[in-house]
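> Kindly return the folded structure for what I paste below:
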Amino acid sequence: MKYTRPTIGQSTDRPLITVITPYYNNPEIEETIHSVQRQTYPRIQYIVVDDGSPSVPPETVERCLRQSELEQTLFLRQPANLGTVKALNLGYRHAEGRYIFNLAADDLFADERVLEDWVDRFERTGAQVITGYRVLYDHAMRKRLRKRPKAGDVAIIESGDNDRLFRRLCRKNMILGCCTAYSAQCLQQYGFFDETYRLIEDYPRVLSLSRQGARFAFLPREVVHCRTGGTSSGAGYSAVYQKDADLIFEKEVFPYARHRRLARFQYWYWKNRQALLKKLAGRTQKRKETGRD
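Model prediction:
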């Protein structure tokens with residue numbers, strides 16, 4: 001379903017931008033859509049991609065999009081659950097905006113001026129990739145837990161030193177897809193997400209872009225509020241996610257590492273830490289279910 005509204009009365013001197021939301025069994029999808037609709041930026045193409053979700057009726061999403069005052073809305077459906085990477089790339093192939101923003105189906109923009117400020121930052125800096133602060137909340141979006149990236153990571157992103165940025169990214173990803181946007185020119189030059197992976201789109205992307213010399217910048221404000229419980233969290237961590245992570249290390253990190261033994265140890269440590277977090281999350285959930293928490 002595609003709907004384009006006439007631009008009468010709209011500010012056409014601002015560039016059209018695109019927001020993409022892929023979803024799979026996310027009951028919070030309506031909140032996410034409303035978060036986009038509340039943005040003050042005047043020219044938004046909003047693309048929602050159903051990744052074969054059986055639990056969220058497409059009529060619900062279509063109804064929300066029809067009620068929107070956005071310049072253009074587009075609802076796309078995958079034939080089956082093909083994973084986050086392919087769902088995002090489907091949206092990217094239909095994107096018409098100068099700048100493209102990802103908003104996960106369980107996240108919210110931090111406030112109604114996020115896209116205004118983000119576009120201004122793109123226009124002022126000429127950057128191809130801009131990330132900002134993400135704030136992690138509990139699942140109910142009531143308790144604020146932490147804000148990232150840390151000051152040291154921000155300094156590296158802002159430094160313009162891509163070699164230094166790549167070395168830090170090899171240790172950890174501090175440029176997550178939930179709070180990172182790309183220019184259309186960046187996509188034209190470097191291509192879309194790597195469909196070798198199923199769930200992880202952001203980490204191999206920024207590793208590759210930093211090696212190839214893409215221009216990064218930082219927006220010093222909160223851009224996205226995220227819920228706990230995603231695929232990279234302890235509770236949501238899965239064998240599919242681990243398979244992607246292993247491939248990223250072997251394809252994007254290890255061949256370029258200056259100290260390969262250290263890189264291998266750091267990855268081993270991270271992998272075992274994730275397994276422990278998943279185990280602890282499982283115990284916590286079990287205590288809740290049995291009323292022992």
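
> Next one: F109 from D246, what distance?
For F109, the distance to D246 (Cβ to Cβ, to the nearest Å) stands at 33 Å. C-beta here means a position set from N, CA and C on the backbone, and glycine is covered the same way.

> average pLDDT for whatever helix or strand L88 lives in?
Element membership of L88, judged by DSSP states H and E, is helix 84-93. Averaging pLDDT along helix 84-93 gives 97.

> what's the answer for stretch 102-115, then?
The average of the pLDDT scores along stretch 102-115 is 97.

> quick one: terminal-to-terminal distance for it?
11 Å (Cα to Cα, to the nearest Å).

> Give the buried residues for that stretch.
102-111, 114-115 (16 or more other Cβ atoms under 10 Å).

> do stretch 141-160 as well
Residues of stretch 141-160 classed as buried by neighbour count (16+ other Cβ under 10 Å): 141, 149, 153-154, 156-157.

> which among those gets closest to R124?
I157 (16.0 Å; Cβ to Cβ).

> that older thread, which of the buried residues of stretch 102-115 fall within helices?
Residues of the buried residues of stretch 102-115 located in helices (DSSP state H): 114-115.

> Any chance of a markdown table for the buried residues of stretch 102-115, columns distance to E31?
Formatted as a markdown table, the buried residues of stretch 102-115 follow (distance: Cβ to Cβ, whole Å):
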| residue | distance to E31 |
| --- | --- |
| N102 | 16 |
| L103 | 11 |
| A104 | 11 |
| A105 | 9 |
| D106 | 8 |
| D107 | 9 |
| L108 | 6 |
| F109 | 11 |
| A110 | 14 |
| D111 | 14 |
| V114 | 15 |
| L115 | 17 |
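
> In three-state terms, label A140 for me.
coil (DSSP: H, G, I helix; E, B strand; the rest coil).

> I should have written Y197 there, sorry.
Y197 ends up coil, using three-state DSSP.

> Need the nearest residue in space to it, chain neighbours excluded.
D244 (4.6 Å; Cβ to Cβ, 6 or more residues apart in numbering).

> any idea of the mean pLDDT in whichever strand or helix holds the one you found?
Assigned by DSSP H and E, D244 belongs to helix 239-248. Helix 239-248 shows a mean pLDDT of 95.

> and that helix, what other elements does it pack with?
Judged by 3 or more Cβ pairs under 8 Å, 6 or more residues apart in numbering; DSSP states H and E, helix 239-248 is in contact with helix 202-212, helix 260-290.

> Columns mean neighbour count and distance to F193 on top of those, output as JSON lines?
Listed next are the helices and strands packed on helix 239-248 as JSON lines, based on neighbours: other Cβ atoms under 10 Å; distance: least, Cβ to Cβ, whole Å:
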{"stretch": "helix 202-212", "mean neighbour count": "21", "distance to F193": "6"}
{"stretch": "helix 260-290", "mean neighbour count": "13", "distance to F193": "21"}
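
> Looking at those helices, which is nearest to I20?
helix 202-212 (13.0 Å).

> Are there helices or strands packed against that closest one, and which ones?
Helix 202-212 packs on helix 162-171, helix 184-190, helix 239-248, going by 3+ Cβ pairs under 8 Å, 6+ apart.

> Mean neighbour count, the ones you listed: which tops it?
Of all these, helix 162-171 carries the top mean neighbour count, a mean of 18, counting by mean count of other Cβ atoms under 10 Å.

> send the alpha carbons of whichever helix or strand A155 is part of over as PDB?
Element membership for A155 (DSSP H and E) is helix 151-159. Coordinates of each C-alpha in helix 151-159 appear next as PDB, following Å, rounded to 0.1, in the frame of the first residue of the first chain:
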ATOM      1  CA  ALA A 151      32.100  10.200  25.900                       C
ATOM      2  CA  GLY A 152      35.300   8.500  24.700                       C
ATOM      3  CA  ASP A 153      33.400   6.800  21.900                       C
ATOM      4  CA  VAL A 154      31.800  10.100  20.900                       C
ATOM      5  CA  ALA A 155      35.300  11.700  20.700                       C
ATOM      6  CA  ILE A 156      36.500   9.000  18.300                       C
ATOM      7  CA  ILE A 157      33.400   9.300  16.100                       C
ATOM      8  CA  GLU A 158      33.900  13.100  15.900                       C
ATOM      9  CA  SER A 159      37.600  12.900  15.300                       C
END
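
> which residues are contacting that helix?
With contact meaning Cβ atoms under 8 Å, 6 or more residues apart in numbering, helix 151-159 is reached by 131, 149, 164-165, 168, 174-175, 216-218, 220.

> which stretches of the stretch 151-293 of the chain aren't confidently modelled?
230-237, 282, 284-293 (pLDDT under 70).
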